[in-house]
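Novice: starting from these lines, generate the structure:
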Amino acid sequence: MQEAIAKASALIEAMEYIGSFRGKIVVVKLGGSVLDDKKLQRDMLVDIAFMTLVGIKSVIIHGGGKAITRAMDESGIETSWVQGRRYTDERTLTIVEQTLVHKVNTPICETLSEIGCKSMGLHTLSSCVLFGKILRLTGENGRKLDLGHVGEVTGVNSQLLRLLCDAGCVPVIAPLSTDKSGEKLNVNADSAAGMVAAALEAEKLVMVSDTHGILKDMKDPSSRVSTLDEETVKKMIQEGIITQAMFPKIEACLTAIDNGVGKAHIIDGRIDHSLLLEIYTAEGIGTQLIR
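Specialist: Residues are numbered from 1 along each chain as shown. Next up is the predicted model:
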């Protein structure tokens, strides 16, 4: 009886949020263990299917760095890194594209279909919705560093994404873009997620990773900060509390909220129903970033 009452209470608490988010767009960036653990991935996709069923327009963008590294190792190609980014020559780009599309994107779409949720994979082998330009990093003495076919997102086909969402279909985006000449580029999935959320003026951007959110002490999971504003985030970066490993996610969140997105969230995808708990409960389970 108590378990049934608890479930009813949870539904009542969720009702308010379900009503307020109905018809709104939520962009979910999948990364971390949910891309490598089939059970975790399916559980997360079931939550996304539920969100779609109750009227939220869900958009997925995924990473795939670990899968790419495994594919390169299997091909006997050594990965080269430039300031933390994968140098992408022609051979590497082919592996990146094939891995992201066939090993990550397609299985996500297939699982959503099995659950009963319509989806469409969007990438450079179908309809690409990310537009970009070559990324050049600055090295010592101001020298520009060549990363090969690595880009940064400069535009998003928000019209196609909205059409798919309005049709009850979940767009599943791979972090691949094309430039003005049609050349393919490997882009950072976190940064792309921020740009997608901004272009869609989404209600929320949710970054799914292997961290409980922003911690005051990296060794203490109980030190999670529930809510942060931009000023506090920048202060925590200056104080070294937020480290370089978290920068791409933080930058994506700030890009989103600076361009009209209501809130951005960082959650741990290894926790059961973390996505629903973050969106549909007052307490949440990760860190939300606000303007």
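Novice: could you use CA atoms for every contact and neighbour count after this?
Specialist: OK.
Novice: where in the stretch 1-150 of the chain is pLDDT low?
Specialist: 1-11, 13-14 (pLDDT under 70).
Novice: now do the strands in it.
Specialist: Along the stretch 1-150 of the chain, the segments classed as strands by DSSP state E, counting those that start in this stretch run 25-30, 57-62, 81-82, 85-86, 119-122, 130-134, 137-138, 144-145, 150-156.
Novice: winner for burial among those?
Specialist: Of the strands of the stretch 1-150 of the chain, the one with the most neighbours on average (mean count of other CA atoms under 10 Å) is strand 57-62, at a mean of 26.
Novice: on that earlier part again, closest to Ser191 out of the strands of the stretch 1-150 of the chain?
Specialist: Evaluated with CA to CA, these place strand 150-156 nearest to Ser191, the distance being 7.6 Å.
Novice: ok, and what's touching the closest one?
Specialist: 87-88, 129-135, 177, 185-188, 191-192, 195-196, 199 (CA atoms under 8 Å, 6 or more residues apart in numbering).
Novice: and what of stretch 221-232?
Specialist: So stretch 221-232 is in contact with 212-217, 254, 284-291, going by CA under 8 Å, 6+ apart.
Novice: returning to what we had before: helices - which of the contacts of strand 150-156 land there?
Specialist: Per DSSP state H, helices hold the following members of the contacts of strand 150-156: Ser191, Ala192, Met195, Val196, Ala199.
Novice: correct me if wrong: the third one contacts Ala256.
Specialist: Looking back up the chat, that one is Met195. Yes - using CA atoms under 8 Å, Met195 is in contact with Ala256, at 6.7 Å.
Novice: looking at the two, which is more packed in?
Specialist: Ala256 (31 against 23; other CA atoms under 10 Å).
Novice: dump the C-alpha coordinates for the helix or strand hosting the more buried one into PDB.
Specialist: Using DSSP states H and E, Ala256 falls within helix 247-258. What follows is helix 247-258, C-alpha atoms only, in PDB (Å, rounded to 0.1, in the frame of the first residue of the first chain):
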ATOM      1  CA  PHE A 247      34.600  23.100 -19.500                       C
ATOM      2  CA  PRO A 248      32.900  21.800 -22.700                       C
ATOM      3  CA  LYS A 249      29.700  21.000 -20.800                       C
ATOM      4  CA  ILE A 250      29.700  24.200 -18.900                       C
ATOM      5  CA  GLU A 251      30.300  26.200 -22.100                       C
ATOM      6  CA  ALA A 252      27.500  24.400 -23.800                       C
ATOM      7  CA  CYS A 253      25.200  25.200 -20.900                       C
ATOM      8  CA  LEU A 254      26.100  28.900 -20.900                       C
ATOM      9  CA  THR A 255      25.700  29.100 -24.700                       C
ATOM     10  CA  ALA A 256      22.200  27.700 -24.300                       C
ATOM     11  CA  ILE A 257      21.000  29.900 -21.500                       C
ATOM     12  CA  ASP A 258      22.600  33.000 -23.000                       C
END
